[in-house]
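>>> When you get a sec, could you give me coordinates for this:
(one chain, ligands or ions: 3)
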Amino acid sequence: MSYEILSTDKLPEYLKSIDAMESIFSNFDNLEVIEVGDGNLNYVYLISNRDNPSETVALKQAVPYLRVVGESWALTRERMRFEIQALVKQKELCPELIPEIYYSSIEMSVVIMENISDKKILRGQIIEGKTFPNLADHMSTFLANTLYYSSDLHLPSLEKKAAVANFINPELCNLTEEFVFTNAYEQHETNSYNEALTQADIDFIQHDGALKIAVAEMKYKFMNNAEALLHGDLHIGSIMTNETETTVIDPEFAFYGPMGFDIGAFIGNLFMSYFSHEHRQKLLGNEQLDYRTWILDTIASTWNQFETKFDALWAKHQADKDPLYFDYPGGEADAKLQRETFIQRVFSDSLGFAACKMMRRIFGLAKVADIADIEDLEARACIERMTLQLGKILVTQRDQFHSIEEVIERAKIISPLQ
Ligand code: ADP
Ligand code: SR1
Ligand code: MG
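Residues are numbered from 1 along each chain as shown. Ligands and ions are numbered 1, 2, ... in the order given. From the prediction side, this is the model:
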């Protein structure tokens, strides 16, 4: 079938034409179709059989433009090829954390997958103050497995290079280069500012030489370090959770990039949630203290568990990859030192990327609801200043932090727990 943009009306016929749907739907005569897409780029539909609601799927389609801006911002549908490829690879590496894929079509820019509506988008639930005891365990597993197993630390050299070639995702990388590493740091036409911020707040970022150089260094790392297969957009709107389970969705920005980019995306978003809950603490009182502590504990636990899991995977396979290299008296200790040095560099990268992912959400076009939905603009500006302050420290001093606990102490100086 040649490409056409689907709609709620067209979907029943389309699904009926796909053989793979016969094992899901017992009939196609009474389907309910709801469009639920709330993202910036694509359309997502949930389809279920009114006669038997357990027969249900989610269908995502890319359109040839950026949804959040409209048809005037052309974007090829190639992104769906990367999303499909990444979902397949991530499913292989962490089966419990990725939705089941039932069907995909590059021609139609469509993926049909498990409807995971028993889970909700994590960002909204964090705004509501819900806790998720398994989140750090699940996200550290996702990060350790996808980053280690797709890298040169594990794959044979030729296989890794073929994978890099297969994931050259220039258009969406370009969006990240512009929206995460460039526009928010200059007087760009796509920026949008809370009117309660002052020129001094803007200059604090846009006229600070050390910060500008540090952000440019992170952008260069993003563009040139093909270390591992990244999700590429791992903010807390790309994660769906219920009380016990976690699912990672929406990997259309997938490409081979620096490991710290995914780690930084996740922890940077949690730091913004932490700051935003200072405002809610003022409104709702001190029971919010425990909630803010949970956010900080989740940040610490994600990094610390990632470090342990990544190191364990590497240690387990290190001798298989090259049995001779560290085969001498004291070699095992040297292998351990190599791993520690590597992981410390990934940590510093993660802080630098977390900072860029935070700062871009304040001045850039794409905001986060945790902060942008605060109605009192002065109160919102206070949270935005905290985000910018931590962002500036993390990107310029990223090599000076040696544990996630030190970073958390810094965040607590900016926004004390009480
Ligand atoms: P975009 O690429 O446009 O950002 P997303 O992949 O983030 O789109 O999906 C948009 C929304 O659709 C999500 O926020 C979520 O609410 C819903 N969604 C996406 N995938 C599923 C799924 N498999 N099951 C249920 N809902 C989903
Ligand atoms: C204009 S695209 C804005 C953002 O949406 C996506 O989710 C990515 O984070 C991208 O940077
Ligand atoms: Mg998306």
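>>> Grab the nearest non-local neighbour of the residue in the stretch 201-350 of the chain that ligand 3 sits nearest to.
Closest approach between the stretch 201-350 of the chain and ligand 3, counting by C-beta to the ion: D250, at 4.3 Å. Using the backbone N, CA and C atoms, a C-beta is placed for each residue, glycine as well. Spatial nearest neighbour of D250, excluding adjacent residues (C-beta to C-beta, 6 or more residues apart in numbering): S238 at 4.5 Å.
>>> Who are the contact partners of the one you found?
H231, V248, I249, D250, P251 (C-beta atoms under 8 Å, 6 or more residues apart in numbering).
>>> swap in P12?
Contacts of P12 by C-beta under 8 Å, 6+ apart are F28, L31, V33, I47.
>>> Name the residues of the stretch 1-150 of the chain found near ligand 3, please.
G39, L41 (C-beta under 5 Å from the ion).
>>> And ligand 2, is stretch 248-259 touching that?
No: Stretch 248-259 does not reach ligand 2 (C-beta under 6 Å from any ligand atom); its nearest approach is 6.5 Å.
>>> Give me the buried positions along that stretch.
V248, I249, D250, P251, E252, F253, A254, F255, Y256, G257, P258, M259 (16 or more other C-beta atoms under 10 Å).
>>> Contacts only, for the second one.
Which is I249. P99, I116, S238, I239, M240.
>>> From the residues you listed, list the ones also adjacent to ligand 1.
Residues of those in contact with ligand 1 (C-beta under 6 Å from any ligand atom): P99, I116.
>>> so which of the contacts of I249 comes closest to F363?
S238 (21.7 Å; C-beta to C-beta).
>>> Pop out the phi and psi values for that closest one.
Main-chain dihedrals, S238, degrees, to the nearest 10: phi -100, psi 20.
>>> ok, now the one 4 residues further on?
Main-chain dihedrals, N242, degrees, to the nearest 10: phi -120, psi -160.
>>> Ok, A196 next?
Main-chain torsions, A196, degrees, to the nearest 10: phi -80, psi -10.
>>> neighbours around the closest residue to ligand 2 within the stretch 151-300 of the chain, how many?
Nearest residue of the stretch 151-300 of the chain to ligand 2 (C-beta to the nearest ligand atom) works out as F179 at 4.1 Å. Residues near F179, counting by other C-beta atoms under 10 Å, number 18.
>>> gap between the residue nearest to it when sequence neighbours are not counted and ligand 3?
Leaving aside its chain neighbours, F179 sits nearest to G364 (5.6 Å; criterion: C-beta to C-beta, 6+ apart). Going from G364 to ligand 3 by C-beta to the ion, to the nearest Å gives 16 Å.
>>> Look at G364 and say how many residues are nearby.
20.
>>> residues touching it, list them.
G364 touches F179, V180, N183, A184, T190, N191, S192, counting by C-beta under 8 Å, 6+ apart.
>>> Tell me where the model's unsure across the stretch 201-350 of the chain.
287 (pLDDT under 70).
>>> again, only using 50
For the stretch 201-350 of the chain, no stretch is flagged by pLDDT under 50.
>>> For it, what lies in contact range of ligand 2?
D233.
>>> Which helix or strand contains the closest residue to K357 other than its chain neighbours?
Using C-beta to C-beta, 6+ apart and skipping residues adjacent in sequence, the residue nearest K357 is G268, 4.0 Å away. G268 is part of helix 260-284 when elements are defined by DSSP states H and E.
>>> packing partners for that helix?
In this structure, helix 260-284 makes packing contacts with helix 122-127, helix 135-149, helix 288-321, helix 331-363, helix 369-372, helix 377-396, helix 404-414, judged by 3 or more C-beta pairs under 8 Å, 6 or more residues apart in numbering; DSSP states H and E.
>>> What values do phi and psi take at Y103?
phi -170, psi 150.
>>> For it, the count of nearby residues, please.
Neighbours around Y103, by other C-beta under 10 Å: 18.
>>> Check Q318 too.
Neighbours around Q318, by other C-beta under 10 Å: 19.
>>> hang on, the earlier thing: are the helix holding G268 and ligand 1 in contact anywhere?
No: on the criterion C-beta under 6 Å from any ligand atom, helix 260-284 is out of touch with ligand 1, staying 13.7 Å away.
>>> got the buried residues for that helix?
For helix 260-284, by 16+ other C-beta under 10 Å, it's 260-281.
>>> Same check on stretch 27-39?
Neighbour-count burial for stretch 27-39, counted by 16+ other C-beta under 10 Å, picks out F28, L31, V33, G39.
>>> do the same with stretch 280-297
R280, Q281, Q288, Y291, R292, W294, I295, L296.
>>> would you turn these into CSV with distance to F353?
Formatted as CSV, the buried residues of stretch 280-297 follow (distance: C-beta to C-beta, whole Å):
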residue, distance to F353
R280, 27
Q281, 28
Q288, 28
Y291, 25
R292, 23
W294, 23
I295, 19
L296, 19
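>>> which of those residues lies closest to L351?
L296 (15.1 Å).
>>> okay but that closest one is in contact with S273, surely?
No: with contact defined as C-beta atoms under 8 Å, L296 does not reach S273; the gap is 10.1 Å.
>>> hang on, the earlier thing: can you redo the contacts of I249 as TSV with distance to T146?
Shown next, in TSV, are the contacts of I249 (distance: C-beta to C-beta, whole Å):
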residue	distance to T146
P99	15
I116	19
S238	13
I239	14
M240	17
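>>> For the contacts of I249, which single residue is the most surrounded?
I239 (27 neighbours).
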